[in-house]
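Participant: this is a predicted model, with the sequence first.
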Amino acid sequence: MRNFIVHTLVMTVAIAIAFYVVPGFTIDGDLWETITVLAIIMGVVNAVVRPILKFFTFPLIILTLGFGVLILNTLMFMLSANLAGQIGYNVIVSGFGAAFMAALVVSLVNMFVMGLIQKEED
């Protein structure tokens, strides 16, 4: 449970950074509530859907030398934004390029912060 809370907080910060940095990624309504809900949705999507897609796209990931993972992250970001919109949180991603940049920023921030947390735990 602690890992889920820490990961959700880190994901919330990463999404907030992407919101301020990436043009074409906008949020209507209460900013922090929407970002937190999006972080929870992304956590669930990454835990449930991503492993299945990763299994089926494994040859593509190998063939593209890992670039396929970035495309997969982009698709997971777009799916999460769409699901957030379905439950009433207006997350607007204006195309694949904006989703790609937002997913890249979220991945990099998430990787950096989780690396710092892991380093402090050791």
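Facilitator: It's in. Keep in mind the model is a prediction, meaning the values are calculated, not measured. Numbers count the residues shown, from 1 in each chain.

Participant: which stretches in this structure count as helices?
Facilitator: With DSSP state H, the ranges of helices along the chain come out as 2-21, 31-56, 58-63, 67-86, 96-121.

Participant: please convert the ones you listed to CSV, extending it with mean pLDDT.
Facilitator: Listed next are the helices of the chain as CSV, based on pLDDT from 0 to 100:
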stretch, mean pLDDT
helix 2-21, 91
helix 31-56, 93
helix 58-63, 91
helix 67-86, 93
helix 96-121, 90
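
Participant: pick the most buried one from the ones you listed.
Facilitator: Of all those, helix 67-86 has the most neighbours on average by mean count of other Cβ atoms under 10 Å, namely a mean of 18. Every residue, glycine included, has its C-beta placed from N, CA and C.

Participant: give me the contact list for stretch 10-28.
Facilitator: 31-32, 34-36, 38-39, 42-43, 89-95, 97-99, 101-102, 105-107, 109-110, 113-114, 117 (Cβ atoms under 8 Å, 6 or more residues apart in numbering).

Participant: with stretch 107-117 instead?
Facilitator: Residues outside stretch 107-117 that contact it (Cβ under 8 Å, 6+ apart): 6-7, 10-11, 13-14, 17-18, 70, 73.

Participant: go again with 7 Å.
Facilitator: 6, 10-11, 13-14, 17, 73 (Cβ atoms under 7 Å, 6 or more residues apart in numbering).

Participant: how about that stretch as PDB, C-alpha atoms only?
Facilitator: Extracted C-alpha coordinates of stretch 107-117, given in PDB (Å, rounded to 0.1, in the frame of the first residue of the first chain):
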ATOM      1  CA  SER A 107       8.500   8.800 -17.700                       C
ATOM      2  CA  LEU A 108      11.700  10.800 -17.200                       C
ATOM      3  CA  VAL A 109      10.500  12.600 -14.100                       C
ATOM      4  CA  ASN A 110       9.100   9.300 -12.700                       C
ATOM      5  CA  MET A 111      12.300   7.500 -13.400                       C
ATOM      6  CA  PHE A 112      14.400  10.300 -11.800                       C
ATOM      7  CA  VAL A 113      12.400  10.600  -8.700                       C
ATOM      8  CA  MET A 114      11.900   6.900  -8.100                       C
ATOM      9  CA  GLY A 115      15.700   6.500  -8.600                       C
ATOM     10  CA  LEU A 116      16.300   9.000  -5.900                       C
ATOM     11  CA  ILE A 117      13.800   7.300  -3.600                       C
END
